[in-house]
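*Asks:* Got a predicted model here, sequence first, then my questions.
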Amino acid sequence: MSGRFRFIKSATQLQECPSDPMPEIAVLGRSNAGKSSLINAWTGSALAKISAKPGKTRLINFFESKAYRLVDFPGYGYSARSGDEQASWAGMIEPVLGARENFRAALILVDCRREVADEERLLVNFLKQRGLPVGIVLTKVDKLNRAEADKVKRASASITGVDHVALVSSQNKTGLVELEEFVFQNWIQTSGSTR
Ligand code: GTP
Ligand code: MG
């Protein structure tokens, strides 16, 4: 399927992003949601940097396989300096998400122990306005039992209006193969841009 991934480059603005038309999946979500961990579990590598401290990823990082790229974004909602952080997140991310034709879809990651909040609803609306399909990925499900996880999944779907909600644990590697297959079949293999 996707094969091996390698790190291509980091960017802070549109002009620094790769300029070829390879399909990309944006990996978004609040700081500490587990974006970089998911990319490492997905790619079977330690390519992305992980930290217990929120705000680890400061740049937009591109990881590439033969078929597509996973794009690791800095997190939003980093609580210290939240006003500034939010403004700089929007300032860096929105032009890239809004203007790049490469993105086939976006995954919004949410720690399964947190309620999906206004931040995610706003982000879903922003992405949908730009014609990008959205999937919600509830992370760290090793922290919940099955019934609790299913409840969070249903609530997340109904709050955001997003149909595709996945439950994953990067730590235990649960849900990853299903997520990867879903993304590949629905958003990569199907040819052409959706926008
Ligand atoms: P930023 O780069 O700050 O935006 O964070 P991020 O979303 O990339 O999160 P990151 O992958 O760095 O992980 C944040 C913390 O969550 C780390 O302490 C990880 O070890 C932990 N974590 C990530 N995935 C899992 C998981 O599946 N289970 C558990 N229990 N912890 C996880
Ligand atoms: Mg990160």
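*Replies:* Perfect, thanks for sending it. Ligands and ions are numbered 1, 2, ... in the order given.
*Asks:* And the residue of the chain that's closest to ligand 1?
*Replies:* Proximity of the chain to ligand 1 (CB to the nearest ligand atom) peaks at Gly75, 2.5 Å away. Heads up, the C-betas are built off the backbone N, CA and C, glycines and all.
*Asks:* ok, now which ones touch that residue?
*Replies:* 29-33, 35, 54-55, 57, 89 (CB atoms under 8 Å, 6 or more residues apart in numbering).
*Asks:* export the residues you listed to a markdown table and tack on distance to Arg130?
*Replies:* Converted to a markdown table, those look like this (distance: CB to CB, whole Å):
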| residue | distance to Arg130 |
| --- | --- |
| Gly29 | 17 |
| Arg30 | 20 |
| Ser31 | 23 |
| Asn32 | 25 |
| Ala33 | 21 |
| Lys35 | 20 |
| Pro54 | 26 |
| Gly55 | 26 |
| Thr57 | 22 |
| Trp89 | 17 |
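*Asks:* Looking at those residues, spot the one nearest ligand 2.
*Replies:* The shortest approach to ligand 2 among those belongs to Thr57, at 3.1 Å (CB to the ion).
*Asks:* what number of residues lie near that closest one?
*Replies:* 21 (other CB atoms under 10 Å).
*Asks:* any idea how far it is from Asn186?
*Replies:* To Asn186, Thr57 is 26 Å away according to CB to CB, to the nearest Å.
*Asks:* How about Ala67?
*Replies:* 13 Å.
*Asks:* pLDDT below threshold where in the chain?
*Replies:* 1-3, 78-87, 191-195 (pLDDT under 70).
*Asks:* Any residue of whichever strand in the chain runs longest touching ligand 2?
*Replies:* Secondary structure assigned by DSSP state E gives strand 103-111 as the longest strand of the chain. No: in terms of CB under 5 Å from the ion, no part of strand 103-111 sits within range of ligand 2; the closest distance is 9.7 Å.
*Asks:* Summarise which helices and strands that strand is packed against.
*Replies:* If you count contacts as 3 or more CB pairs under 8 Å, 6 or more residues apart in numbering; DSSP states H and E, strand 103-111 packs onto strand 24-29, helix 118-129, strand 134-139.
*Asks:* Dump those into JSON lines; add mean neighbour count as well.
*Replies:* Shown next, in JSON lines, are those (neighbours: other CB atoms under 10 Å):
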{"stretch": "strand 24-29", "mean neighbour count": "24"}
{"stretch": "helix 118-129", "mean neighbour count": "16"}
{"stretch": "strand 134-139", "mean neighbour count": "24"}
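*Asks:* possible to save the ones you listed as CSV with distance to Ser158?
*Replies:* Formatted as CSV, the helices and strands packed on strand 103-111 follow (distance: least, CB to CB, whole Å):
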stretch, distance to Ser158
strand 24-29, 19
helix 118-129, 12
strand 134-139, 11
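*Asks:* Any chance of TSV for those, columns distance to ligand 2?
*Replies:* Listed next are the helices and strands packed on strand 103-111 as TSV, based on distance: least, CB to the ion, whole Å:
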stretch	distance to ligand 2
strand 24-29	9
helix 118-129	16
strand 134-139	12
